[in-house]
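S.K.: need a structure here:
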Amino acid sequence: MAETIPIGADHAGFEMKERLVKELRALGFEPLDVGTHSPDSVDYPDYAHQVAERVSEGTDARGILLCGTGLGMSYAANRHAGVRAAVAWTPEIAHLAREHNDSNVLVLPSRFLSDEESVAILKEWLSTPFAGGRHARRVAKIEEITSHG
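M.R.: Numbers count the residues shown, from 1 in each chain. The predicted model follows:
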């Protein structure tokens, strides 16, 4: 059974999200498109919370978000326990976000990337494993804060 990956975007990321949904399918994943479903102006937290909640609760192992800068989506998603949403603007950043930080939500700054760049970043993020080791200790320290409320 294909891994389900929830994906959401605001109006700024709508078109790129549509492209990435197709790419996820082509790569053998099952994208769960939580919206938005048009370029009409919307509030990014509505979509960030939907994706982050699924990852936080363990319904899905990872998710993808898009907005103009990636910042708003990452702020909202990172409010959820256990979510490590990383804004990536190059494949190298995506690689390190997975390898060193065990990022489980990829956030793309759609106004600053071409479709080709976003696909390259997506592929790198999806294919990079978490290195563990000393990095696991550091990730655990991130989680300590969310567990203290």
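S.K.: can you tell me how far the residue nearest the centre of the chain is from Glu117?
M.R.: Most central in the chain under C-alpha atoms, centre = their mean is Leu106, positioned 2.3 Å from the mean C-alpha point. The gap separating Leu106 from Glu117 is 13 Å, by C-beta to C-beta, to the nearest Å. For the C-beta atoms, the positions are set from N, CA and C on the backbone; glycine is no exception.
S.K.: what's the first helix or strand after whichever strand or helix holds the residue nearest to the centre of the chain?
M.R.: Per DSSP states H and E, Leu106 falls inside strand 105-109. Using DSSP H and E, the helix or strand that follows strand 105-109 in sequence is helix 115-127.
S.K.: give me the distance between His95 and Leu126.
M.R.: Distance from His95 to Leu126, by C-beta to C-beta: 11 Å.
S.K.: which of those two has more residues huddled nearby?
M.R.: Leu126 (19 against 16; other C-beta atoms under 10 Å).
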